[in-house]
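Peer 1: predicted model follows, preceded by the sequence.
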Amino acid sequence: MKYAVIKSGGKQYRVSEGDIIEVDKLGENNKKISFDNVLLSVADGLVKIGKPNVAGEKVEASLVENLKGDKIRVSKFKAKVRYRKVIGFRPSLSRVKIEKVGGLSTEKKSKPASKKG
């Protein structure tokens, strides 16, 4: 199983190939996106942990659509002064399909043959 943990918009997401996730708005529709902030990468039991990012690791995705999320209500309240305020907003989100979790090779490097003679 191949997956990675990426960081986008101050949040972390665990993704693998074929996943569809919703992140903060990134751009226009049908656009290719590359996530360079890969915090963790796992491929066939080989685990790479970044400090803070894994070097040479990228996650490629395509933007499926932009949408608005569910309404979030924020309340302000002060005791004993009859102050109450409720504000609501709908965040702009992007639905992204992960196409490739790549860059990490699982092959072991072989040593060059020593010269005799």
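Peer 2: Sure, I can see it.
Peer 1: got any ranges where the chain has weak pLDDT?
Peer 2: 103-117 (pLDDT under 70).
Peer 1: which residue, neighbours along the chain excluded, lies closest to residue 15?
Peer 2: residue 98 (4.7 Å; Cβ to Cβ, 6 or more residues apart in numbering). The way it works is simple: take the backbone N, C-alpha and C, and place the C-beta from them, glycine included.
Peer 1: list the buried residues of whichever strand or helix holds that neighbour.
Peer 2: According to DSSP states H and E, residue 98 maps onto strand 92-102. Residues of strand 92-102 classed as buried by neighbour count (16 or more other Cβ atoms under 10 Å): 93, 94, 96, 97, 98, 101, 102.
Peer 1: and if you look at stretch 28-40?
Peer 2: By 16+ other Cβ under 10 Å, the buried positions in stretch 28-40 come out as 33, 35, 37, 38, 39, 40.
Peer 1: residue 19: which of these is nearest?
Peer 2: Nearest to residue 19, judged by Cβ to Cβ, of the buried residues of stretch 28-40 is residue 35 at 12.2 Å.
Peer 1: list the contacts of the closest one.
Peer 2: Counting by Cβ atoms under 8 Å, 6 or more residues apart in numbering, residue 35 touches 6, 7, 8, 58, 59, 60, 61.
Peer 1: swap in residue 3?
Peer 2: Contacts for residue 3 (Cβ under 8 Å, 6+ apart) come out as 14, 15, 16, 41, 42, 101.
Peer 1: before we move on, the earlier item: state whether the residue nearest to residue 15 and residue 17 are indeed in contact, as I suppose.
Peer 2: Yes - contact criterion Cβ atoms under 8 Å: residue 98 and residue 17 qualify, at 5.9 Å.
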